[in-house]
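Q: Just the structure for this:
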Amino acid sequence: MMKLLGNTRRWQPLPGLFLIALAARDASADWPTYRGDSRRSGVCGEELKLPLAEVWTHKAAQAPRPAWPELPADKDVWHRIHGLGPTTTYDRVFHASAAGGAVYFGSSADDSIYCLDAASGKLRWSFVTEGPVRLAPTVAEGKVFAGSDDGCVYCLDAADGRLVWKYRGGPEDRRLPGNERMISVWPVRCGIVVEHGTVWACAGLFPSQGCFLSAVNAADGKELWRQPIEISPQGYLLASAEHLFIPTGRTAPRMYQRADGKDLGVLPGGGPDSRAGGCFAVVVDDLVIHTGGEDSSLHISDTRAKEKVVFADGLRVLTRGPISYILSKDRLCAIDRAHYLEISRLQAKKQKTPEDQKRIDELGAQRKSWLVWETPCPDCHEVVLAGNTIFAGGLKRVTAISASDGRTLWTGAVAGKAYGLAVGDGALLVSTDQGTIHCFRPGSPQPNPAAVYDVPRPVLPYPFDESTPVYAQAAEAALDVARVKKGYCLVLGAGTGRLAWEIARRSQFQVIGLESDAQKVAAARQALRAAGLYGARISFHEGSLDRLPYQTWSANLVVSEETLLTGKLPFSAAEVFRVLRPCGGTAIFAGPKSTDQQAMEQWGRESLPGWKVTSGPGDALVASTRRGPLPGAGAWNHFHADPGNTASSGDAMRPGPVEVQWFGRPGPRRMPDRHDKNLGPICENGRLFIAGDDYLAAVDAYNGTVLWQRDVPGFVRLGAFRHCGGMAAIDDCLYVASGSDCLALDAETGRHRYTVSVPPAADGATGEWGYVAAVDDLLFGSACKPGATFREQTLDTETLIWRDFMPVVCSDALMGHQRNTGERIWTYESPRGAIINPTIAIGARRIYFVESENPETRQVPDGRITLPMLLGRGSSLVALDTRTGKTLWKGSVDLSALEHIVFLSYANEKLLITGTRNVPIEGRQRVRYDLFAFDAASGRPLWKTTQTPVPDHILQGPHGEQVQHSAIVGNTIYNTGFACSLDTGEPVDVWKWQKSGNCGTLSASTHCIFSRYSIPRMFDRATGESTDLTTVARPGCWINILPAGGLVLIPEQSAGCTCGYSLQTSLALRPHSDPNGPANE
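A: Got it, this is the predicted structure:
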C-alpha cells in the first residue's frame, strides 16, 4: 500500500496527501502547453472513448539528448535514504503540445521546433534554432512560442513556422560548453507561459553569471520588463492569477510577482538547508505542489500563509473536485481530500494546544476512509486526467485507468519510457525517451499497422564532385596537425558546410560552423539534417566573424572553409587565439595557390605565437599555430597537488570575479558518497582526471569534453586522506592503483600501456597497491596488506573515516620503477614497523615517510592502525634515494602525543609534519594541531609548535575539524585559523583561513585559497576578501576545488547529497579579467 504518512525520518511527520481541487479545463480540443495549461494541471475535460488505437507514430531521426541524462547517486548514506531518483527530468522526451489540428514539439537533439499534422502525423514544417530545444512549445493566438539553449525565445507563425520575432533572454550572445553542447551562457530552460498577450520566460543557469525573468509583448516581442533573479531556473514556469513560480532544478520553486517580477521568496521549506526540490510542480490558486527531491516525495506549500502543509511520498499528482490522484514509485491511488488540509495544518504547528491534539486524533482515526482506491502502477512516469480516465505512461506502455474505481480499462504499447502525455484534438499523444511520439485515437485496433513517419534515412549531404578531394584533404591535414579527435572544432566562414562535414565524419569532434550569410546557413542546415548529423555532431550558427561569441580557451581546432576556397581570412587573429584551448589548441587555415602568402603571414604574426605558413598539397598554402600552456598556469597532478603534498598548485591566477568556463558530465551516479572522501581529482597538461566508485574519467579541463571513461576494479579509496594518493599524472601518462596493480594509461585516450603489480608478501599473500607518485622518469608505489583500503559505503565506514582516534592505512614496503616500462628498480621493506601512508612525500630526489618502531604494527592483518599503536612506542622519519631506494638518513621523532591524523609535506628543502590531538583545557577537551619541521637534506629538527585551530571545541570531527591538511604557499603554512612560517614555525601576520562548519579542507594557489563554505569559495590570500565561485552547486567533502591550468576546476563529488543545491554537475571557472566579456584575455 502506498504510504499516506510522511516518513518519520523527515523534518515533520505529516500524514497528508493533496488537499487541492484543481478545476478541470473545459472540454477542449487543445492541449496548448506542457500538462495542458500554465498551472501545469495535467487535467482536461475531454473524454476519449475507449478503446484507443494507434493511428500514427512519429520517429525522430535522433533520440532526445537530455541536459542531465545521468541518474543521481543510488543512496544518501548519511541520511539513510536509498533508491534516490532523478529530479531534472524535464527534457527526457519531446513533450508535445496540440492545438488547431497540429502537434508541436521541440528537439534537444537537432535544435529544431517541429509541427506535425495531428490527423496524419505528417510533417508540416520545422524551424531550426541555434541550440537544443528542451521544453514543450506553448501555442497561443495562432503563434508558437519556444525557448532554446541558444538563449532566445522564438515566436513562430503556427501555420507555416515563419519567424515572427526572437527575444534574447540574456544581455548578449555569448556561448560556452554546457552539457556537451556549445550553448548560451543564458539558456532558456524554463517552459514559457503565455497569457493575456504577455510572454513570461527565464534565461540563465548560474546566478553568478546572471539569471533573468522577463515579460515580453506576445505580439511583437518587445520587452516589457526584465528582472535579475538569484536562482537557477529549470523546468516548467507556472502561473497563478497573481504569481509566477519558477522551478529550480533540485531545489524548491521560488515565487515572483506576475505584474513586475518582484521576488517574493522561496516556497516554504526551500533554501539551501532543505531537501525539497525538483522540476515538477502544479499550481492551484495559492497552493503549489512540487516534488521534494531525490527521495521521491511531494510537498504542498500555501503561498499566502507561507507554510508547508503537506509532505508525502509521490512523484506526480492530479486533482479534480474532492479527489486527488497520486502516482508514487509503484502505485496510483485516489484520496478523498476532505480532512487532509485540516490535519496537515494542525500537525505542521510547532506548538500544539490540547484542542489541536484532540482534533488530530479524531481526524487520524478516520484515516482508513481516506483511501478511495489504489492500484499497482509499476515503472510509471507521468499521469494525466481526461474526463473520467487517467492515462499513465510507463515502460513500453500507456494505460487507461478509471478515475472512479482504479480499474484498468485499456493498455497500449509504445517504444521506450513514456515520460510525456498530452490529450488534444480527440487524441492521446505519448512521447517516449526514444524520440517517438505515438498518437492514439478512439477506435478498435486496425489490421494494418499504424502509419510511421520519420525523417528519411540518413543520406550523404553533399555530392561527390571535383571539390570533394579538396575538402577531404583539408580535413585530414587539420586532424593530423591537431593530434586529437575529440572536443570542439570551430569552422569560421563555414560556407556550404562541406569542410565541417568532412571533419565530423573523420573524428568525434563537435563541429560548429559560424557563417554570416543567412542563406548559406539555411542550406547547410538542410543538407546536414538530411545526413542525421545535425545537432550534437554538427551545428551552424549565423553571425558576424568580427567578434566570436564562443568561450575563451574552448576550441581544440579552428579552421575555415572561406579561407580554403578564397585564401581570405575574414576574422580576427586575436579572436582565434582567444578561443584556442591552451595545451594544444590548434588553428590551421589552408588556402588555394592564389593566396597572398605575405598577407597570410602578416595576418597571424602578432597575435598567434608560432604562426607559420608553409606549402601544402597542390601548391596550396597552409598556415597553422599550436597553442602552448598558459603562462603561470599551475598543475595539480597528485592527491595533494604535487609529490610533496603541499596542497598548493602554484597557479598564478588572481583573486576576483570568475565566470563559468564549462559545465556538464561526469555527474554523481558513479561517484562515492561525498562523506566518504574518495580520492580527489587531479589535473595535468589540460586534462582533468576524476576518480569515482571503481570508475575513472578523463575530461578536457578547458571545455569539459569527456575524453574517455573506464571501469577500474579496486580503484575506489574511501577516506583517502587516511591513506594516500591512488593516481598521479605526468606528461601524457596517468598512473592508477587498481587492487594489487598499478595501471599505466595514455592520458589522452585511456589506452592501457602496461601493468605493474605489488610483490607478493613473505607469506605469499597478494597485497594492495597503495601509494602512487610519478616524478621525472620514475614511478613509485607501496605495498599494503589485503583489505587495507576502505571501500564499503556504509555508516560504519563513515564512522571509521570521520571520528577521533580512528586508524590510518599503512604499507609494508615502498617500490621504485622505471616509469616508461614499469620495470622495478628497487624495493624498501620496513625493518621494524609499518610505513604510515599519509606521511609519504617526495622532493629533491628523496622519498620521505614516517615509520613506526613498533614491530606489532606489521602484524595487523588489514594494515589499518591507530596512531597510538603506530607512534606510542617510537617512530622514525626516513629519507630514501628515489633512484636507488637506499636510506639517506633516518632519525627518531617523538610523535607519541598525536591521536587523530598525521600528514607529511615537503617544500623548500623542509619537511612538515602536521598532526592532531585532544588536550584538556579548563576541564574540557579541545583540539590542537602539532607542527614539526625538519631539514629535508639531513632530517635535523628545526622547530615544533602547537597551534589552536578555529574552531577547536568540536570533538569527534563531524566535519573533519581534527583532520585538516596543511597547505604550503611559498614559505607560509596555512591551516584552519592559523598561519605559520615554514622557516621558523612562528605565527605570520597574514590573513588566516578559517574552516567553515561544512565538510572539506583547503586547496591553494599562489594568490588564492579555496574551500567549501556551504558553496565553493575563493579567498584573496593577501586580504582575505572572498568570492563565491557558484551559489547553485556544492563541492565534495575533501579537496575537489582545484586551481590548475589557469582555471578553478570543481568536478562533481557531492554524490548522495540531498540538500538544496540546484545543480549536481562538474564545472570549471575562469578568472574574469574583462568586465565587458571574454573577447579580450
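Q: Show me which residues of the strand of greatest length in the chain are buried.
A: Across the chain, the strand with the greatest residue count (assigned by DSSP state E) is strand 408-424. Judged by neighbour count (16 or more other CB atoms under 10 Å), strand 408-424 contains these buried residues: 410, 412, 414, 416-424. Glycine gets a C-beta too; all of them are placed from N, C-alpha and C.
Q: ok, now which ones touch the nearest residue to residue 303 once chain neighbours are set aside?
A: Among residues not flanking residue 303 along the chain, residue 286 sits closest, at 4.6 Å (CB to CB, 6 or more residues apart in numbering). Counting by CB atoms under 8 Å, 6 or more residues apart in numbering, residue 286 touches 240, 243, 302-304.
Q: Of those, which belong to strands?
A: 243, 302.
Q: who touches the helix or strand following the longest strand of the chain?
A: Next helix or strand after strand 408-424 toward the C-terminus (DSSP states H and E): strand 427-432. With contact meaning CB under 8 Å, 6+ apart, strand 427-432 is reached by 31, 48, 52, 55, 93-96, 98, 103, 105, 118, 386, 391, 393, 398, 412, 414-423, 437-441.
Q: returning to what we had before: mark which of the contacts of residue 286 are buried, thanks.
A: By neighbour count, with 16+ other CB under 10 Å, these hold 240, 243, 302-303 as buried.
Q: Please report the separation between the first and final residues of stretch 729-743.
A: Distance between the two ends of stretch 729-743: 12 Å, counting by CA to CA, to the nearest Å.
Q: Go through it and flag the buried ones.
A: For stretch 729-743, by 16+ other CB under 10 Å, it's 729-730, 733-743.
Q: and that stretch, how far from the chain's centre?
A: 25 Å (CA atoms, centre = their mean, to the nearest Å).
Q: now it: mean pLDDT?
A: The average pLDDT for stretch 729-743 rounds to 98.
Q: Kindly report the same for stretch 370-387.
A: Stretch 370-387 comes out at a mean pLDDT of 93.
Q: ok, now stretch 643-657?
A: Computed over stretch 643-657, the mean pLDDT rounds to 97.
Q: what's downstream of the longest helix anywhere in the chain, the next helix or strand?
A: As assigned by DSSP state H, the longest helix anywhere in the chain is helix 468-482. Downstream of helix 468-482, the first helix or strand assigned by DSSP H and E is strand 486-492.
Q: Let me know the angle separating that following strand from helix 468-482.
A: Relative orientation of strand 486-492 and helix 468-482, computed by axes from the mean of the first three to the mean of the last three CA atoms, to 10 degrees: 130 degrees.
Q: got the CA positions of strand 486-492 in PDB?
A: As requested, the backbone C-alpha atoms of strand 486-492 are provided in PDB (Å, rounded to 0.1, in the frame of the first residue of the first chain):
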ATOM      1  CA  LYS A 486      37.500  14.900 -29.500                       C
ATOM      2  CA  GLY A 487      36.400  18.300 -28.300                       C
ATOM      3  CA  TYR A 488      35.200  21.400 -30.200                       C
ATOM      4  CA  CYS A 489      36.100  22.300 -33.700                       C
ATOM      5  CA  LEU A 490      35.100  25.800 -35.000                       C
ATOM      6  CA  VAL A 491      34.700  26.300 -38.700                       C
ATOM      7  CA  LEU A 492      34.800  30.100 -39.400                       C
END
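Q: And it, what does it pack against?
A: Contacts defined by 3 or more CB pairs under 8 Å, 6 or more residues apart in numbering; DSSP states H and E place strand 486-492 against helix 498-505, strand 508-515, strand 557-560.
Q: on that earlier part again, tell me the one of the buried residues of stretch 729-743 nearest residue 160?
A: For the buried residues of stretch 729-743, the closest approach to residue 160 (CB to CB) belongs to residue 734, at 54.2 Å.
Q: Report the beta-bridge partners for that closest one.
A: Applying DSSP bridges to residue 734 gives these bridge partners: residue 729, residue 745.
Q: At which residues are the helices of the protein located?
A: Secondary structure of the chain (DSSP H): helices at 340-348, 354-364, 468-482, 498-505, 518-530, 561-566, 573-579, 597-605, 795-802, 867-871.
Q: And this protein, what are its domain boundaries?
A: Domain assignment of the chain by automatic domain parsing yields the ranges 34-41+86-369, 468-626, 658-1071.
Q: Just put these in JSON lines and tack on distance to residue 431.
A: Below are the domains of the chain laid out as JSON lines (distance: least, CB to CB, whole Å):
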{"stretch": "domain 34-41+86-369", "distance to residue 431": "4"}
{"stretch": "domain 468-626", "distance to residue 431": "18"}
{"stretch": "domain 658-1071", "distance to residue 431": "23"}
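Q: ok, of those, where does mean pLDDT dip lowest?
A: Mean pLDDT per stretch puts domain 34-41+86-369 lowest among the domains of the chain, at a mean of 90.
Q: Am I right that residue 881 is in contact with residue 842?
A: No. In this structure residue 881 lies outside contact range of residue 842 using CB atoms under 8 Å: 11.3 Å.
Q: Who has more neighbours out of those two?
A: Neighbour count, other CB atoms under 10 Å: between residue 881 and residue 842, residue 842 has more, with 23 against 15.
Q: and the more buried one, what is it in contact with?
A: Counted by CB under 8 Å, 6+ apart, residue 842 has contacts 643-644, 773, 775, 780, 848, 882, 906.
Q: how does it look with 6 Å?
A: By CB atoms under 6 Å, 6 or more residues apart in numbering, the contact set of residue 842 is 643, 773, 775.
Q: What of residue 96?
A: Listed by CB under 6 Å, 6+ apart, the contact partners of residue 96 are 103, 105, 422, 429, 431, 437.
Q: residues touching the second one, list them.
A: For residue 105, the set of contacting residues under the criterion of CB under 6 Å, 6+ apart consists of 94, 96, 114.
Q: could the contacts of residue 96 go into a markdown table alongside distance to residue 327?
A: As requested, the contacts of residue 96 are exported to a markdown table (distance: CB to CB, whole Å):
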| residue | distance to residue 327 |
| --- | --- |
| 103 | 24 |
| 105 | 23 |
| 422 | 17 |
| 429 | 19 |
| 431 | 17 |
| 437 | 21 |
